[in-house]
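Asks: sequence unknown, structure follows:
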């Protein structure tokens, strides 16, 4: 057993609209993907898609692209909670998606 093994994040089972889904915490090696200070709307969409795919490794690009807004927001809220992210990032992502989808 390594010195830090007891600190490794464990997956969490969540319930989204009556369906169980297992999400995984992010790893330190993935942090560089989320460090941009003020991403533009396109970058923010890409970041949110990467976040979901890292949290749900078996998810496909097509599945993520076709998520309903309701499901997307619920998954992102759970991913944020699991990883200790503040809600302001989720609010920016939601705002960006709404702006992007109305163009």
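Replies: Everything's here; your move. What you see is a predicted model, and the numbers here were worked out from it, not measured in a lab. Residues are numbered from 1 along each chain as shown.
Asks: how far does the helix or strand hosting residue 48 sit from the chain's center?
Replies: Take DSSP states H and E as the rule and residue 48 turns out to sit in helix 41-55. Centroid displacement of helix 41-55 relative to its chain, using C-alpha atoms, centre = their mean, to the nearest Å, is 7 Å.
Asks: what about it, average pLDDT?
Replies: For helix 41-55, mean pLDDT is 89.
Asks: From the contact counts, what lies against that helix?
Replies: If contacts are counted by 3 or more C-beta pairs under 8 Å, 6 or more residues apart in numbering; DSSP states H and E, helix 41-55 sits against helix 61-65, helix 69-83, helix 87-101. Every C-beta, even on glycine, is put in place using the N, C-alpha and C of the backbone.
Asks: which stretches of this structure have low pLDDT?
Replies: Within the chain, the stretches with pLDDT under 70 are 1, 87-103.
Asks: what's the neighbour count on residue 18?
Replies: By the criterion of other C-beta atoms under 10 Å, residue 18 has 5 neighbours.
Asks: again with residue 15
Replies: The number of residues packed near residue 15 is 10, by other C-beta under 10 Å.
Asks: Dihedrals phi and psi, the closest residue to it other than its chain neighbours?
Replies: In this structure, residue 15 finds its nearest non-sequential neighbour in residue 21, 7.6 Å apart by C-beta to C-beta, 6 or more residues apart in numbering. Torsion angles at residue 21 (phi, psi; degrees, to the nearest 10) stand at phi -150, psi 130.
Asks: Could you list everything residue 21 pairs with in the sheet?
Replies: Note on residue 21: beta-bridge partners residue 14, judged by DSSP bridges.
Asks: Fine by me, thanks again.
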